[in-house]
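Undergrad: Following is a predicted model, sequence given first.
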Amino acid sequence: MKKIFNVFMIAAAGLLISSCGSPKKMAESAEAVSVSCNPQVLEVVAGNIKADVTVTFPEDFFHPKAVVEVIPVLVYNGGETALDPVMLQGEDVTDNYEVVPEAGGNVSRTFEFEYVEGVENSHLELRMTVIHKDKRIPFTAPYKVADGANTTYMLVKQSGSLAYAPDAYQAVIPEQNETQILYLINSATVRPSQLKSDEIKAFQEFLTNLKADERRELISTDIIAYASPDGKEDFNAELSERRAKTASDAFNKKINNKDIAIEANVNTSNVDEDWDGFKALVSGSNIEDKDLILRVLEMYSDPAVREREIKNMSQVYTVLKKDILPELRRARFIANVEFTNYTNEELVALVNDNIEILDEEALLRAGSLLQDANQKITIYQKAVEKFNSERARINLGVAYLALGKNAEAENALAGVADKNNTYYNNAMGVVALRKADYEAAAAAFSKSSLKEAQYNLAVIDILNGNYTDAAAKLSGAGSFNEALVNILTGDLNTASKVLGDAQCQCKNYLKAIIAARQGNADAANAALEIASQDETLAKRAENDIEFAKIR
């Protein structure tokens, strides 16, 4: 009976060994293990390749005393990259690896590889080795996990969107030329001597010369009569009104006489008490107590109270009566003129023929009219030299960036004093972007309110893998990068609308990607035919996994 029992136990043990297999049998039965990966086609995002891999071991596969070494390897043209191994152990192993029970189970890991040139044509594989009693038994073949790697985001245009600081050039400039006559206290009579002054003669000469000035036109004339703010209000109101009439008569008969005879609208008005003029004269004077007077003007809004308080300062008031108030008993003659500035054509001609006569705004406008960046540089250098122009410094840097002269651009921008200028920060962001200093670029762009800066921030979003944020910033831009980011977010219909009927090589490359993803091989190949006129794009297409299914 005991012999029969022993035979039974030996048979049961043999059955157990058969069901669990052996370390060698594990390696030979590799096909029993299944492997899955998300994504199935690897993608480079922000310079990294991320793969979520799950290995499924069937029941009775994993020997309880075995250890399995799993090495993820990215194999690509020109080499391979292996990550640190993942170690798994059977239930009876005393190490601290993850246990895979005899009943089987899943092991999941996320693997990340850095981008290297050549991974555009690659695949991810797992190389497994069974380790048992110091023996290493490789699995019969590695497990191919996924193909890779998609680098479509690297098509992003990252030269940066440029913006020149604007000018304040005016096509028509309003000008004024004025003179005045003075009245005696409480009088509205125009004294003949006042109409013979050098100031009146200069004003008449100005009006005469307007007839021959092709760029200036007299639009209107204002005659404004005033009463000084001393005396009673009702008297001053009547006095300023009479002064307006006598000043108007003098202008029409004596100033704009028959020899001048300029026809223009004449607007006559009066100011009862000239407190504004009073304040201006006091502010510009050397009166010892002028600050006290100005405080009184600020404290009281009632003209009568103002006058009373100032008169209470007897010594001060004596100075006012002598030096300030007589200057306020007046009538002003103001010629309102429009000056027609240089046309765009004239500005361009003057750049070549007589650049020295152009002021800062004219130089900045001329720079905006020229397409040649080298010519822009000449103009902006002149504006910096003559006027120490901050905007010209910024635009000089932008013009250098347009020529791809990044070092010269950075040097020009270094002289800008206002580091908060929105155009300066966009330009500095482009400098940093081209140097691949994305952190500095983002910081600079974030200080700029320009739409170009938002576009440039979207470029950084794309480079960092933040495609949704980039799509929001680029919405409506109608640009290559907008189409690209919609491809990256999977919105192929919007991407197609953005591209429209574009015929350039780079946009046709995107059209080819869209068509390939939609399974339209004919459309993809037609677009690739146009795109491949660019040698760089033709070479890229040879290894681009986007076109793996249509080759």
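TA: Happy to help now that I have it.
Undergrad: what's near enough to touch Asn106?
TA: The contact partners of Asn106, taken as Cβ atoms under 8 Å, 6 or more residues apart in numbering, are 54-57. For the C-beta atoms, the positions are set from N, CA and C on the backbone; glycine is no exception.
Undergrad: ah, wrong one, I meant Asn395
TA: Asn395 makes contact with 164-165, 364, 367, 376, 380 under the criterion Cβ under 8 Å, 6+ apart.
Undergrad: What helix or strand is it located in?
TA: Using DSSP states H and E, Asn395 sits within helix 390-402.
Undergrad: Might you calculate how far stretch 344-360 sits from the centre of the chain?
TA: Distance of stretch 344-360 from its chain centroid, counting by Cα atoms, centre = their mean, to the nearest Å, is 31 Å.
Undergrad: Ends of it, what's the gap?
TA: 15 Å (Cα to Cα, to the nearest Å).
Undergrad: Quick one: residues in contact with it.
TA: 342, 362-363, 365-366, 369-370, 375, 379, 382-383, 386-387, 389, 392.
Undergrad: picking up where we left off before, now render the contacts of Asn395 as TSV, adding distance to Pro39, neighbour count and secondary structure.
TA: Formatted as TSV, these follow (distance: Cβ to Cβ, whole Å; neighbours: other Cβ atoms under 10 Å; DSSP: H, G, I helix; E, B strand; the rest coil):
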residue	distance to Pro39	neighbour count	secondary structure
Tyr164	43	20	coil
Ala165	45	24	coil
Leu364	52	24	helix
Gly367	50	28	helix
Lys376	47	23	helix
Tyr380	50	28	helix
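Undergrad: got the end-to-end distance for stretch 92-109?
TA: 23 Å.
Undergrad: Surely Ile287 is in a helix?
TA: No - counting by DSSP: H, G, I helix; E, B strand; the rest coil, Ile287 is not part of a helix but coil.
Undergrad: Hmm, it is touching Thr318, no?
TA: No - the criterion here is Cβ atoms under 8 Å, and Ile287 misses it with Thr318 at 10.8 Å.
Undergrad: Compare those two (neighbour count), which wins?
TA: Taking neighbours as other Cβ atoms under 10 Å, Ile287 and Thr318 compare with Ile287 leading, 18 against 10.
Undergrad: residue contacts, the more buried one?
TA: Ile287 sits next to 293, 316, 319-320, 323-324 when contact means Cβ under 8 Å, 6+ apart.
Undergrad: which two from those end up farthest apart in space?
TA: Ile293 and Asp323 (12.1 Å; Cβ to Cβ).
Undergrad: More neighbours: the two, which one.
TA: Taking neighbours as other Cβ under 10 Å, Ile293 and Asp323 compare with Ile293 leading, 23 against 14.
Undergrad: what's the more buried one in contact with, if anything?
TA: Counting by Cβ under 8 Å, 6+ apart, Ile293 has contacts 282, 287, 310, 313, 316, 320.
Undergrad: filter those to the buried ones?
TA: When the contacts of Ile293 are checked for burial by 16 or more other Cβ atoms under 10 Å, the buried set is 282, 287, 310, 316, 320.
Undergrad: Tell me the pLDDT of the one residue sitting closest to the centre of the chain.
TA: In the chain, the residue lying closest to the centroid (Cα atoms, centre = their mean) is Ala453, at 1.1 Å. Note on Ala453: pLDDT of 98.
Undergrad: Same question for Asp249.
TA: 95.
Undergrad: Pull the contacting residues for Ala407.
TA: Ala407 touches nothing, counting by Cβ under 8 Å, 6+ apart.
Undergrad: Would you confirm that it belongs to a helix?
TA: Yes - according to three-state DSSP, the state of Ala407 is that of a helix.
Undergrad: Number the residues from 3 up from this point.
TA: OK, 3 is where the count begins now, so the last one is Ala409.
Undergrad: separation between it and Ala385?
TA: 21 Å (Cβ to Cβ, to the nearest Å).
Undergrad: Next: Val102.
TA: For Val102 relative to Ala385 (Cβ to Cβ), the value is 74 Å.
Undergrad: Neighbour count for these two, which is higher?
TA: Shown here are Val102 and Ala385; by other Cβ under 10 Å, Ala385 has more neighbours (27 against 24).
Undergrad: tell me the contacts of Ala479?
TA: Taking Cβ under 8 Å, 6+ apart as the criterion, Ala479 is in contact with Tyr457.
Undergrad: Is it part of a helix or strand, or is it coil?
TA: Recorded secondary structure, Ala479: coil (three-state DSSP).
Undergrad: Now do the same for it: its pLDDT.
TA: pLDDT, Ala479: 91.
Undergrad: and if you look at the one 4 residues further on?
TA: Reading off the confidence values, Asn483 has pLDDT 97.
Undergrad: again, but for Val268
TA: Looking at Val268, its pLDDT is 92.
Undergrad: count of neighbours near Ile226?
TA: By other Cβ under 10 Å, 21 other residues sit near Ile226.
Undergrad: which residue sits closest to Tyr402, ignoring its sequence neighbours?
TA: Nearest-residue entry for Tyr402: Ala411, 3.7 Å, with adjacent residues in sequence omitted and distances by Cβ to Cβ, 6 or more residues apart in numbering.
Undergrad: Pull up the gap between the one you found and Gly399, please.
TA: With Cβ to Cβ as the criterion, Ala411 and Gly399 are 4 Å apart.
Undergrad: Comparing the two, which residue is more hemmed in?
TA: Gly399 (31 against 24).
Undergrad: wait, that one sits on Glu412?
TA: Yes - using Cβ under 8 Å, Gly399 makes contact with Glu412 at a distance of 7.4 Å.
Undergrad: Give the residues shared as contacts by those two.
TA: Common neighbours of Gly399 and Glu412 (Cβ under 8 Å, 6+ apart) are Val433.
Undergrad: in the sheet, who's paired with the closest residue to Val70 other than its chain neighbours?
TA: Among residues not flanking Val70 along the chain, Leu90 sits closest, at 4.5 Å (Cβ to Cβ, 6+ apart). Beta-bridge pairing for Leu90 (DSSP bridges): Val70, Glu100.
Undergrad: Need the pLDDT of Leu90.
TA: 97.
Undergrad: who's in contact with it?
TA: Contacts of Leu90 (Cβ under 8 Å, 6+ apart): 64, 69-70, 72, 99-102, 109.
Undergrad: Most widely separated two among these?
TA: Across these, the longest distance by Cβ to Cβ is 14.1 Å; it joins Val72 and Val101.
Undergrad: And those two? Which one has more around it.
TA: It is Val72, of Val72 and Val101, that has more neighbours when counted by other Cβ under 10 Å, with 20 against 16.
Undergrad: Please report the distance of the more buried one from Arg244.
TA: Val72 is 107 Å from Arg244, by Cβ to Cβ.
Undergrad: before we move on, the earlier item: Throw the contacts of Asn108 into JSON lines and include secondary structure and distance to Lys146, thanks.
TA: Output for the contacts of Asn108, formatted as JSON lines (DSSP: H, G, I helix; E, B strand; the rest coil; distance: Cβ to Cβ, whole Å):
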{"residue": "Thr56", "secondary structure": "strand", "distance to Lys146": "15"}
{"residue": "Val57", "secondary structure": "strand", "distance to Lys146": "13"}
{"residue": "Thr58", "secondary structure": "strand", "distance to Lys146": "15"}
{"residue": "Phe59", "secondary structure": "strand", "distance to Lys146": "18"}
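Undergrad: Tell me the one among the residues you listed nearest to Glu180.
TA: Thr56 (87.4 Å).
Undergrad: separation between the closest one and Thr112?
TA: 10 Å.
Undergrad: So those two - more neighbours on which side?
TA: Using other Cβ under 10 Å as the criterion, Thr56 and Thr112 rank with Thr56 on top: 14 against 9.
Undergrad: The more buried one contacts Val37, correct?
TA: Yes - with contact defined as Cβ under 8 Å, Thr56 and Val37 form a contacting pair (7.2 Å).
Undergrad: need the strands for the stretch 253-402 of the chain, in chain order.
TA: Secondary structure of the stretch 253-402 of the chain, counting by DSSP state E, counting those that start in this stretch: strands at 267-273, 332-342.
Undergrad: Out of these, flag the one nearest Asp546.
TA: Nearest of the strands of the stretch 253-402 of the chain (Cβ to Cβ): strand 332-342, 58.4 Å.
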